[in-house]
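Engineer: give me coordinates for this.
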Amino acid sequence: MPYVLLGLAIVAEVTATLSLRASEGFTKWGPSAIVVVGYLVSFMLMAKALTSLNVGPVYAIWSALGTIGAFAGGVLLFGEPVRPVAVAGAAIIVAGVVVMNLGGGMTHG
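Structural biologist: All right, here's what the predicted structure looks like:
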């Protein structure tokens with residue numbers, strides 16, 4: 001169950017981040033409201049997941065997948081360019097998360 005909460009936290013964070021772009025500097029109320037609610041929901045879900053998972057790997061996964069999700073969403077929704085160096089950066093982020101998770105368990109108790 002904590003991994004489901006983490007997955008939902010990531011979805012909420014990516015939604016909030018993409019809405020931040022769509023809010024046009026908080027001048028559009030709809031996307032602005034999604035930003036606030038999305039980040040609140042994301043942190044609440046991640047906090048709940050952290051009751052049984054270790055903070056380092058959880059934060060690494062949350063931030064890495066959030067970064068990649070925001071990158072992909074920017075490309076798909078806003079037509080942002082895909083540059084080889086950005087793809088390489090995403091691969092490095094994923095590699096870093098994998099290495100972090102190899103270093104220790106995800107659960108505590």
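
Engineer: show residues contacting the helix or strand harbouring residue 97.
Structural biologist: Using DSSP states H and E, residue 97 sits within helix 84-102. With C-beta atoms under 8 Å, 6 or more residues apart in numbering as the test, helix 84-102 has contacts from 56-57, 60-61, 64, 67-68, 71. Using the backbone N, CA and C atoms, a C-beta is placed for each residue, glycine as well.

Engineer: same thing but at 6 Å, please
Structural biologist: 57, 60-61, 64, 67-68 (C-beta atoms under 6 Å, 6 or more residues apart in numbering).

Engineer: so of those, which ones are in helices?
Structural biologist: Among those, the residues falling in helices (DSSP state H) are 57, 60-61, 64, 67-68.

Engineer: I'd like those as JSON lines, with pLDDT and neighbour count appended.
Structural biologist: Supplementary listing: the ones in helices among the contacts of helix 84-102 in JSON lines, determined by pLDDT from 0 to 100; neighbours: other C-beta atoms under 10 Å:
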{"residue": "57", "pLDDT": "85", "neighbour count": "19"}
{"residue": "60", "pLDDT": "87", "neighbour count": "18"}
{"residue": "61", "pLDDT": "90", "neighbour count": "23"}
{"residue": "64", "pLDDT": "90", "neighbour count": "20"}
{"residue": "67", "pLDDT": "90", "neighbour count": "17"}
{"residue": "68", "pLDDT": "93", "neighbour count": "18"}
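
Engineer: no more questions from me, cheers.
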